[in-house]
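**Q** The following comprises the amino acid sequence and a computationally predicted model.
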There are 2 protein chains.
Amino acid sequence: MARVVVDVMPKPEILDPQGKAITGSLARMGFDGLSVRQGKRFEVDVAGGITDERLAQIKEAAEKLLANTVIESFSVHIEED
Amino acid sequence: MARVVVDVMPKPEILDPQGKAITGSLARMGFDGLSVRQGKRFEVDVAGGITDERLAQIKEAAEKLLANTVIESFSVHIEED
């Protein structure tokens, strides 16, 4: 089935306490020099193939439902097989 | 800075209540035929460039820290600019 992916990440100026905690844990595991930010990934399976209308629907859903655009940015892309 | 992305998704056989809730909301918005699964996206900024050793570290981190491999699968890939 055709699949579209929506990635949602905290905006750069927004603190990311989960990412900070992971970055700290990595340093304690001995993995210095790695800095992590945590976001969300939504895999959207689309019945009937991907059309411009479908992509517009998914963008609207990302804006209204999947991302809080005050603090998060999102990107929509078609997943290649 | 060089960036590696770790995507973590619930395994196909695992129920995904968050994804189910979103799928239901989309249907109520009039967007039928979209089915969503929700996972996590980690953006890892790597100091000093991406080497095989760095990738091995990030894979270990994904397995031990970022994913619960009983119920989640993960994929590690280098983000192209």
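**A** Now that the structure is in, tell me what you want to look at.

**Q** Please name every helix or strand in contact with the helix or strand where residue A:53 lies.
**A** Secondary structure from DSSP states H and E places residue A:53 in helix A:52-61. With contacts taken as 3 or more C-beta pairs under 8 Å, 6 or more residues apart in numbering or on different chains; DSSP states H and E, helix A:52-61 sits against strand A:2-10, strand A:34-46, strand A:72-78, strand B:34-46. Any C-beta I mention is one placed from the backbone N, CA and C, and that applies to glycine too.

**Q** okay, the angle between that helix and strand B:34-46?
**A** Helix A:52-61 runs at 60 degrees relative to strand B:34-46, counting by axes from the mean of the first three to the mean of the last three C-alpha atoms, to 10 degrees.

**Q** Now helix A:52-61 - C-alpha only, CSV.
**A** Extracted as CSV, the C-alpha positions of helix A:52-61 are listed here (Å, rounded to 0.1, in the frame of the first residue of the first chain):
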residue,chain,number,x,y,z
ASP,A,52,-2.4,15.6,-4.9
GLU,A,53,-5.7,15.7,-3.1
ARG,A,54,-4.5,13.0,-0.7
LEU,A,55,-1.3,14.8,0.0
ALA,A,56,-3.3,18.0,0.7
GLN,A,57,-5.5,16.0,3.2
ILE,A,58,-2.4,14.6,4.9
LYS,A,59,-0.8,18.1,5.2
GLU,A,60,-4.0,19.4,6.7
ALA,A,61,-4.1,16.5,9.2
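
**Q** Cool, thanks, talk later.
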